[in-house]
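In: task: produce atomic coordinates for the following.
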Amino acid sequence: MLEQKFKMSITLIVAMLLTLTIYASDVLPAMPDYSDSTQWYVQDRHADADIFYVISTESGDYLTPDGMMCHFADTYNDSVRAALTGEMVGVDRLLSGELNYYSPYYRQCTLQTFTSDNLVAERLPLAMKDVSKAFNYYLEHINHGRPFVLAGYSQGAMAVLQLLQEMDSTTFDRMIAAYVIGANIPQTLLDSCPRIVPASCADDTGVTICYNSVRDPSCVVHMIGDDNVVAINPVNWCTDDTPASLVTVPSPGKHNVEQKTDTLTVRLDPATHLLLVSGYTGTDYVLPLIGKEGNYHSREIWLYRTQLRENIALRTWVYLYGYINS
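Out: So this is what the prediction gives:
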């Protein structure tokens, strides 16, 4: 009996040492202080409504100067912040129009996290906690009672879903719409969260807009559209399979004169709740580590930028004034 207990003790000690070894090689960045203006990207246009935008995954695993591995963005590190700021600036330029724009820096999980469900379960809660703190600070100190649009892309869209689950009725009443771009809304979440009301047309308010674009269903990526039940076509704002035509240049990373203009056909597949996109010629869209050719996750905002900007303005107008501005 004593020998058995001794062996069990040794096993526990070894397990603890292994755990300590794993975490000793990692480092956790400092928690963002959202009373510090450096932890926000802000464009205050003195508008009557805001956009609260949560960025996507812009970070990869990196070593700190002392050789520690980090799996979370350090919001106080200028080199890490650069990519985060780039998305904040780009999305503001593409989508905000005349609205105020607020985007918090947060300790987002690095891209390597999404190679494993276990890593997602382990790391994502920290990122979501930061966004929740940022949103609460925004409501208490920045928003001043204005109506707002919630928007997030990829990991940021996951954060928006978390905010919807936590949101009280008073706050929800001020929400113009939630744009959950490039993420899953499974049936279980839809059933359990009354704040998620699927959009059914171009101008309903208090609703959630969600979509995921692929060449065909075989191109879907795990956690990005493979378990989604809420979808709308952002070109024609239909929830059936009515096709829509979209003329665009395929890449935001090249000058327009260097690109061939694509004429896309975009159709929502009611069976899979995926946007099926044909006619896309871009070759720079494959996600590292988790992506596959024919999955257009990295272009979910760019391809529909004009439609999204106009739609945000439309829903905001309807919320503020109760009718469509013709």
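In: which SSE is immediately downstream of the strand or helix carrying Leu164?
Out: Here Leu164 sits within helix 155-166, counting by DSSP states H and E. For helix 155-166, the following helix or strand on the C-terminal side (DSSP H and E) is helix 169-173.
In: quick revisit: tell me which residues are up against the helix holding Leu164.
Out: With contacts defined as Cβ atoms under 8 Å, 6 or more residues apart in numbering, helix 155-166 is touched by 53-57, 106, 108-109, 124, 127-128, 131-132, 135, 150-152, 178-183, 185, 189, 192-193, 195-196, 208, 210. In short, each C-beta sits where N, CA and C put it, glycine included.
In: how about the helices in this protein?
Out: Using DSSP state H, the helices of the chain run over 2-24, 78-91, 117-137, 155-166, 169-173, 187-192, 305-321.
In: could you dump those to a markdown table with distance to Asp204?
Out: Below are these laid out as a markdown table (distance: least, Cβ to Cβ, whole Å):
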| stretch | distance to Asp204 |
| --- | --- |
| helix 2-24 | 47 |
| helix 78-91 | 23 |
| helix 117-137 | 23 |
| helix 155-166 | 16 |
| helix 169-173 | 14 |
| helix 187-192 | 16 |
| helix 305-321 | 8 |
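In: wait, which of those helices is closest to Asp269?
Out: The closest of the helices of the chain to Asp269 is helix 187-192. By Cβ to Cβ, the value is 16.6 Å.
In: pLDDT weak spots in the stretch 151-300 of the chain?
Out: Counting by pLDDT under 70, not a single residue of the stretch 151-300 of the chain qualifies.
In: can you select the buried ones from the contacts of helix 155-166 in PyMOL?
Out: The PyMOL command for the buried members of those (criterion: 16 or more other Cβ atoms under 10 Å) is given here:
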select buried, resi 53+54+55+56+57+106+108+109+124+127+128+131+132+135+150+151+152+178+179+180+181+182+183+185+189+193+195+196+208+210
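In: return the subset of the contacts of helix 155-166 lying in strands.
Out: Counting by DSSP state E, the contacts of helix 155-166 place Tyr53, Val54, Leu150, Ala151, Gly152, Ala178, Tyr179, Val180, Ile181, Thr208, Cys210 in strands.
In: contacting residues for the closest residue to the third one other than its chain neighbours?
Out: In space, Leu150 comes closest to Ala178 once its chain neighbours are excluded; the distance is 4.2 Å by Cβ to Cβ, 6 or more residues apart in numbering. Each residue near Ala178 by Cβ under 8 Å, 6+ apart is listed here: Val149, Leu150, Ala151, Val160, Leu164, Ile196, Val207, Thr208, Ile209.
In: give me the neighbour count for the fourth one.
Out: Neighbours of Val160 under the rule other Cβ atoms under 10 Å: 26.
In: measure it to Met223 for me?
Out: When distance is defined by Cβ to Cβ, to the nearest Å, Val160 is 15 Å away from Met223.
In: sorry, back to before: relative to Thr263, which of the ones in strands among the contacts of helix 155-166 is nearest.
Out: Closest to Thr263, out of all of those and judged by Cβ to Cβ, is Ile181, at 22.6 Å.
In: beta partners of that closest one?
Out: Beta bridges link Ile181 to Tyr153, Tyr211, judged by DSSP bridges.
In: could you tell me which residues make contact with it?
Out: Residues counted as contacts of Ile181 (Cβ under 8 Å, 6+ apart) are Ala151, Gly152, Tyr153, Ser154, Ala157, Ile209, Cys210, Tyr211, Glu300, Ile301.
In: let's see 7 Å
Out: Gly152, Tyr153, Ala157, Glu300, Ile301 (Cβ atoms under 7 Å, 6 or more residues apart in numbering).
In: from those, which is closest to Asp203?
Out: Minimum distance to Asp203 across the contacts of Ile181 is 20.4 Å, recorded for Ile301 (Cβ to Cβ).
In: okay, now the closest one: neighbour count?
Out: Residues contacting Ile301 under the criterion other Cβ under 10 Å number 23.
In: now it: phi and psi?
Out: When read as degrees, to the nearest 10, the backbone of Ile301 gives phi -90, psi -40.
In: for it, what are its contacts?
Out: The contact partners of Ile301, taken as Cβ under 7 Å, 6+ apart, are Val91, Leu94, Tyr153, Ile181, Leu308.
In: for Tyr76, state which of those residues is nearest.
Out: Nearest to Tyr76 among the contacts of Ile301: Val91, at 21.9 Å, using Cβ to Cβ.
In: picking up where we left off before, can I get the contacts of Ala178 in a markdown table with distance to Leu320?
Out: Below are the contacts of Ala178 laid out as a markdown table (distance: Cβ to Cβ, whole Å):
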| residue | distance to Leu320 |
| --- | --- |
| Val149 | 12 |
| Leu150 | 16 |
| Ala151 | 17 |
| Val160 | 21 |
| Leu164 | 21 |
| Ile196 | 23 |
| Val207 | 16 |
| Thr208 | 19 |
| Ile209 | 18 |
